[in-house]
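Dropping the sequence and predicted coords here.
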Amino acid sequence: MADEKRPYRKKRRAELEAQTQLRITESAVELHGTLGPSRTSMSAIAEHAGVRRSTLYRHFPDEAAVFKACSAHWRAANPPPDLAAWAAIEDPDRRLRAGLEELYGYFRQTEGMMINLYRDEPLMPTVAGSFSRFREYLAGAQETLIRGRRSRPRVRAAIGHALAFTTWRSLAREQQLDDGAAAELMCRLVAAAD
């Protein structure tokens, strides 16, 4: 009888371990999104997750391991716009407008985390390493949006400026434009540079 219960106990223990790991990961995501990675200690993550530090370290041996799990979890829940969908739009002006509107909606949705990541990127090598993937995404977005245009430095600069989180934040928060109006303004900037 005891042998029959052993597989069930192992399975249940594995489920509990997975739940604990997820709770820790979600706590890290929440704290990174509100405080930022540089202001989130391992102790704070453990406390937020309702686990002991020893439990946290059993699942994640160091800050880099927590950040890696946190980043993967957050990216899965917040994927950036699909560049292939943008590339399928032949007209460069329509592609630019659609891409910027979608990207600006993404920035609005992820604003809290983005603010913290941009702030902490120069402070923490783990953030810089992980955030380099987003920078590669933006470079790919720029290449997708410049296709069909004259590839002069001015056009490239205008598109790069339009894709910047800081540009969106200035237009949306400081100038109080909605995402559509902000995208339209940046489309005009690109058209003037082209």
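Thanks, I have it.

pLDDT weak spots in the protein?
1-5 (pLDDT under 70).

Can you name the next helix or strand after the longest helix along it?
What stands out as the longest helix in the chain, according to DSSP state H, is helix 2-34. As assigned by DSSP states H and E, the chain's next helix or strand after helix 2-34 is helix 42-49.

Pull out the buried positions in whichever helix or strand comes after that next one.
Note on helix 42-49: by DSSP H and E, the next helix or strand toward the C-terminus is helix 53-59. Buried residues in helix 53-59, counted by 16 or more other CB atoms under 10 Å: T55, L56, H59. Every C-beta, even on glycine, is put in place using the N, C-alpha and C of the backbone.

now helix 53-59, how far from the centre of its chain.
26 Å (CA atoms, centre = their mean, to the nearest Å).

Which elements pack onto the following helix or strand past it?
Moving toward the C-terminus from helix 53-59, the next helix or strand (DSSP H and E) is helix 63-77. Packed against helix 63-77, as judged by 3 or more CB pairs under 8 Å, 6 or more residues apart in numbering; DSSP states H and E, are the following elements: helix 2-34, helix 42-49, helix 125-146.

Residues contacting helix 63-77, please?
21, 24-26, 28-29, 32-33, 37, 42, 45, 56, 60, 113, 126-127, 130 (CB atoms under 8 Å, 6 or more residues apart in numbering).

these two touch, right, T20 and V51?
Yes. Under the criterion of CB atoms under 8 Å, T20 makes contact with V51 at 6.4 Å.

returning to that earlier point: just send the helices and strands packed on helix 63-77 back as a markdown table, with mean neighbour count and distance to A162 too.
Formatted as a markdown table, these follow (neighbours: other CB atoms under 10 Å; distance: least, CB to CB, whole Å):
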| stretch | mean neighbour count | distance to A162 |
| --- | --- | --- |
| helix 2-34 | 14 | 25 |
| helix 42-49 | 17 | 36 |
| helix 125-146 | 16 | 8 |
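
looking at those helices, which is closest to A85?
Taking CB to CB, helix 125-146 is the member of the helices and strands packed on helix 63-77 nearest to A85, at 9.7 Å.

How about residues contacting the helix or strand just after that closest one?
Per DSSP H and E, the first helix or strand lying C-terminal to helix 125-146 is helix 153-163. With contacts defined as CB under 8 Å, 6+ apart, helix 153-163 is touched by 96, 100, 103, 138, 141-142, 145-146, 149, 167, 186-187, 189-190, 192-194.

buried sites along helix 153-163?
For helix 153-163, by 16+ other CB under 10 Å, it's V155, R156, A158, I159, G160, A162, L163.

L16: which of the residues you listed is nearest?
So of the buried residues of helix 153-163, ranked by how close each gets to L16 (CB to CB), first place is L163, at 43.4 Å.

neighbours of G50, just the number please.
Using other CB atoms under 10 Å, the number of residues around G50 comes to 11.

which one is it nearest to, not counting chain neighbours?
Once flanking residues are discounted, G50 sits nearest to R23: 7.1 Å by CB to CB, 6 or more residues apart in numbering.

is it true that that neighbour touches H48?
No. The criterion here is CB under 8 Å, and R23 misses it with H48 at 9.0 Å.
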